[in-house]
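**Q** need coordinates for the below:
(one chain, ligands or ions: 1)
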Amino acid sequence: MRRIMVAGNWKMHGTRASVAELTKGLRHLVLPSGVDVAVFPPFLYVNQVIDGLDGTSIAVGAQNSAAEASQGALTGEIAPSQLADAGCTFVLIGHSERRQIMGEQDELLNRKFAAAQACGLTPVLCVGETLVQRDAGKTLEVVGRQLSSIIEALGVGAFVNAVIAYEPVWAIGTGLTASPQQAQEVHAAIRAQLAAENAEVAQGVRLLYGGSVKAANAAELFGMPDIDGGLIGGASLNADEFGAICRAAGN
Ligand code: PEP
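**A** Residues are numbered from 1 along each chain as shown. Here you go, the predicted structure:
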């Protein structure tokens, strides 16, 4: 049985003061026991959030990590071993903003994914198509290619300790949400692709949906059979809204 997960990606938002306030809001939430909750603050605030959430069940992850597992001479990067040392348990790999704006390619993401796992972190692999690709009927092909990159490099077994987030690029931060049916179609295809390699891995892996999820649309999305929770951007910056999404996931 897969446990539902709700993850908040804070992106490049926050100041020490606003992070303190958001963390305080999260501490006060009454969260459903059947839902795993995690937040992904900017690197700079990871320690502050880990300290602030101490004693709660909320896990903390990072939004990115280096392709090298260990610390070393790599100016400006943060090693997954350092994230693990700080107390992170998850890391986002291949968020579309990093694929599109920072130019991260599949080969680099394979290395980041492997390095994160080598340090005991659980990677959350983000996949998704652009609007042009969807309109061209290429959604399943694009997502399938992003997934097979990891399978070919690391084997399907790499997904035993990983989470996948399907995030259509056209739905991220736009207010446009994939319909539950559109999201389910892609989630089912992801699970089928994994099942073709290993049915047990496919059944066990959590598939999150991301793209303008809010309290008002969460329950309908999370009610689909292959949607095991959500990766939440903008709405995760408000503790009450995020809490309402977590409760929708718990129902
Ligand atoms: C995201 O950044 O992963 C995301 C899903 O953002 P939003 O919820 O704001 O669309």
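**Q** what residue in the protein comes nearest to the ligand?
**A** Residue of the chain nearest the ligand, by Cβ to the nearest ligand atom: G233 (2.0 Å). The C-beta positions use only the backbone N, C-alpha and C, and glycine is treated the same way.
**Q** can I assume that residue is in contact with G173?
**A** Yes. When contacts are counted by Cβ atoms under 8 Å, G233 is listed as touching G173 (6.0 Å).
**Q** okay, and the common contacts of these two?
**A** Listed as contacting both G233 and G173 by Cβ atoms under 8 Å, 6 or more residues apart in numbering are S212.
**Q** so who does the residue nearest to the residue of the chain closest to the ligand when sequence neighbours are not counted touch?
**A** Sequence neighbours aside, N9 is the residue nearest to G233 in space, at 5.1 Å (criterion: Cβ to Cβ, 6 or more residues apart in numbering). Contact partners of N9, counting by Cβ under 8 Å, 6+ apart, are F40, Q63, L92, H95, G210, L231, I232, G233, S236.
**Q** filter those down to the ones in strands?
**A** Within those, residues falling in strands by DSSP state E are F40, L92, G210, L231, I232.
**Q** just list whatever residues bridge to the second one.
**A** For L92, the beta-bridge assignment (DSSP bridges) gives partners V124.
**Q** so who does it touch?
**A** Contacts of L92 by Cβ under 8 Å, 6+ apart are N9, F40, G61, A62, Q63, N64, P123, V124, C126, A165.
**Q** among those, which ones are in helices?
**A** Counting by DSSP state H, those place none of their members in helices.
**Q** how about those residues in CSV, adding pLDDT and distance to the ligand?
**A** What follows is the contacts of L92, written out as CSV (pLDDT from 0 to 100; distance: Cβ to the nearest ligand atom, whole Å):
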residue, pLDDT, distance to the ligand
N9, 98, 4
F40, 99, 9
G61, 98, 12
A62, 98, 14
Q63, 98, 9
N64, 98, 12
P123, 98, 15
V124, 99, 10
C126, 98, 7
A165, 98, 7
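**Q** now for L176, how many residues are close by?
**A** L176 has 12 neighbours, counted by other Cβ atoms under 10 Å.
**Q** in three-state terms, label the residue located most distally from the centre of the chain for me.
**A** What lies farthest from the middle of the chain is A73; by Cα atoms, centre = their mean that is 27.9 Å. Following DSSP: H, G, I helix; E, B strand; the rest coil, the label given to A73 is coil.
**Q** do you know the pLDDT at it?
**A** Note on A73: pLDDT of 98.
**Q** now swap in N251 and tell me
**A** Reported pLDDT for N251: 87.
**Q** and it, what does it touch?
**A** P32, A219.
**Q** ok, it to F222 distance?
**A** 8 Å (Cβ to Cβ, to the nearest Å).
**Q** do the same with F43
**A** 29 Å.
**Q** same check on G137?
**A** In terms of Cβ to Cβ, G137 sits 27 Å off from F222.
**Q** ok, now Q184?
**A** Q184 is 11 Å from F222, by Cβ to Cβ.
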